[in-house]
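K.L.:
Fold the following for me, if possible:
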Amino acid sequence: MTSGSSHGYIELYDSSGSGGKFRVPEGGYKPVRDKSGNINRTAAGGIDHAVGSIYEIHQYNLWVRDTELEVGYGDKEELKRLYGLNNPYGTPTNRIMLIDHFGRSHYVYMVGQETPQPATVFLSSEYAWFLYPVTLHFVPE
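P.N.:
Down below sits the predicted model:
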């Protein structure tokens, strides 16, 4: 896939290769660059600016089923499993491979709160859909 074409899903895989595709609805993608640093005022009235690194963070709202029927796509439980990876020395590790909507690969960490939101009156089975927000913090290259 070329970087000029895109599709409506991302792929998330742990270090053992388990994972799958996850649908991204329209408006469900927010790339963020986070620039760390501190600004302090000096006694003489100047500014002391300490600059830090710039980090890339992508926020997605993923559209997932409770029970996924389509082969290759992950469900709500798979996202919960990926979120629960918390050991950098474990098997699998907490470092996740993201293949973005352009087909580019990145290493990321899943950070922040886990807050799946039911989007249907059905709460289980293939009829239950959830909007699952995830925040992916990119590993600097």
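K.L.:
where exactly do the strands run in this protein?
P.N.:
Per DSSP state E, the chain carries strands over the ranges 9-13, 19-23, 29-41, 47-65, 95-99, 105-111, 117-118, 129-138.
K.L.:
Could you pull up the contacting residues of the residue nearest to residue 56 when sequence neighbours are not counted?
P.N.:
Spatial nearest neighbour of residue 56, chain neighbours left out: residue 138 (4.2 Å); criterion: CB to CB, 6 or more residues apart in numbering. (Each C-beta comes from the backbone N, C-alpha and C, glycine too.) The contact partners of residue 138, taken as CB atoms under 8 Å, 6 or more residues apart in numbering, are 55, 56, 57, 58, 106, 107, 108.
K.L.:
One more pass at 6 Å, please.
P.N.:
Going by CB atoms under 6 Å, 6 or more residues apart in numbering, residue 138 touches 56, 106, 108.
K.L.:
now these in JSON lines, with neighbour count?
P.N.:
Formatted as JSON lines, the contacts of residue 138 follow (neighbours: other CB atoms under 10 Å):
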{"residue": "56", "neighbour count": "16"}
{"residue": "106", "neighbour count": "15"}
{"residue": "108", "neighbour count": "20"}
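K.L.:
Return the member of these nearest to residue 76.
P.N.:
The closest of the contacts of residue 138 to residue 76 turns out to be residue 108 (CB to CB; 19.4 Å).
K.L.:
Mind pulling the model confidence for the residue nearest to residue 32 when sequence neighbours are not counted?
P.N.:
Using CB to CB, 6+ apart and skipping residues adjacent in sequence, the residue nearest residue 32 is residue 57, 4.5 Å away. Listed pLDDT for residue 57 reads 96.
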